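Trainee: Requesting a structural model of the entry that follows:
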Amino acid sequence: MSQSPAPSFRFRPEEHLRRPADFRRVYERRRSASDEWLIVYACENELPHLRLGLSVSRKYGQATRRNRLRRLYREAFRLARQQMPTGLDLILIPRKNEEPPLRELLQSLPRLVAQLSRKLARESKSP
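Mentor: Purely as a prediction, here's the structure:
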């Protein structure tokens, strides 16, 4: 009796969006969705996986506070990744200075990414 391997929840280096040119490309695509906690920008990447970038500006407080928000959003991405369509570069931007509950992010992130994926797919089909 063979079991299929359990999905990996690791956040691998190739899933990080790091280069300023990549961030620029996602922002220039001008496709976003948002809710009360989060703004998500997306762009196609033609890769078999998602890539994540985080943008937490200084208006959210000192470095320790910003890093805590980054860790929380990265954890939500890591846990919800299996529920999201692949082939996208994503940039997450916190909407509020408050720290959202992880369960809220786990609900909103896949919903927003699916919404963006549908939006991008519709655009690529139209002439």
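Trainee: Give me the three-state assignment for the spatially most central residue of the chain.
Mentor: Computing the C-alpha centroid of the chain and ranking residues by CA atoms, centre = their mean puts residue 90 first, at 4.3 Å. Following DSSP: H, G, I helix; E, B strand; the rest coil, the label given to residue 90 is strand.
Trainee: Make 47 the first number, not 1, from now on.
Mentor: Understood, numbering begins at 47; the last thing we discussed is residue 136.
Trainee: Quick check: residue 99 is in a strand.
Mentor: Yes: the assignment for residue 99 is a strand, going by three-state DSSP.
Trainee: what helix or strand does the closest residue to residue 151 other than its chain neighbours sit in?
Mentor: Spatial nearest neighbour of residue 151, excluding adjacent residues (CB to CB, 6 or more residues apart in numbering): residue 122 at 3.6 Å. Just so you know, the C-beta spots here come from the backbone N, C-alpha and C atoms, and that holds for glycine as well. Here residue 122 sits within helix 109-126, counting by DSSP states H and E.
Trainee: Now do the longest helix along the chain against helix 109-126, angle only.
Mentor: In the chain, with assignment by DSSP state H, the single longest helix is helix 148-171. Helix 148-171 runs at 70 degrees relative to helix 109-126, counting by axes from the mean of the first three to the mean of the last three CA atoms, to 10 degrees.
Trainee: to the chain's geometric centre, what's the distance from helix 148-171?
Mentor: Its chain's average C-alpha position is 9 Å from that of helix 148-171, according to CA atoms, centre = their mean, to the nearest Å.
Trainee: What residues of it count as buried?
Mentor: Across helix 148-171, burial judged by 16 or more other CB atoms under 10 Å covers 151, 154-156, 158-159, 161-163, 166.
Trainee: can I get the CA coordinates of the lowest-mean-pLDDT helix or strand in the chain in CSV?
Mentor: Across the helices and strands of the chain, mean confidence by mean pLDDT, DSSP states H and E is lowest for helix 148-171: a mean of 91. Extracted in CSV, the C-alpha atoms of helix 148-171 (Å, rounded to 0.1, in the frame of the first residue of the first chain):
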residue,chain,number,x,y,z
LEU,A,148,-4.1,34.2,11.0
ARG,A,149,-7.4,32.5,10.3
GLU,A,150,-8.7,35.6,8.6
LEU,A,151,-5.7,35.7,6.3
LEU,A,152,-6.1,32.0,5.5
GLN,A,153,-9.6,32.7,4.3
SER,A,154,-9.0,36.0,2.4
LEU,A,155,-5.7,35.2,0.7
PRO,A,156,-6.9,32.2,-1.4
ARG,A,157,-10.1,34.1,-2.3
LEU,A,158,-8.3,37.2,-3.4
VAL,A,159,-5.7,35.2,-5.4
ALA,A,160,-8.5,33.2,-7.1
GLN,A,161,-10.3,36.4,-8.0
LEU,A,162,-7.1,37.8,-9.5
SER,A,163,-6.4,34.6,-11.4
ARG,A,164,-9.8,34.7,-13.0
LYS,A,165,-9.3,38.4,-13.9
LEU,A,166,-5.9,37.7,-15.5
ALA,A,167,-7.3,34.6,-17.4
ARG,A,168,-10.2,36.7,-18.8
GLU,A,169,-7.8,39.4,-20.0
SER,A,170,-5.5,36.9,-21.7
LYS,A,171,-8.4,35.4,-23.7
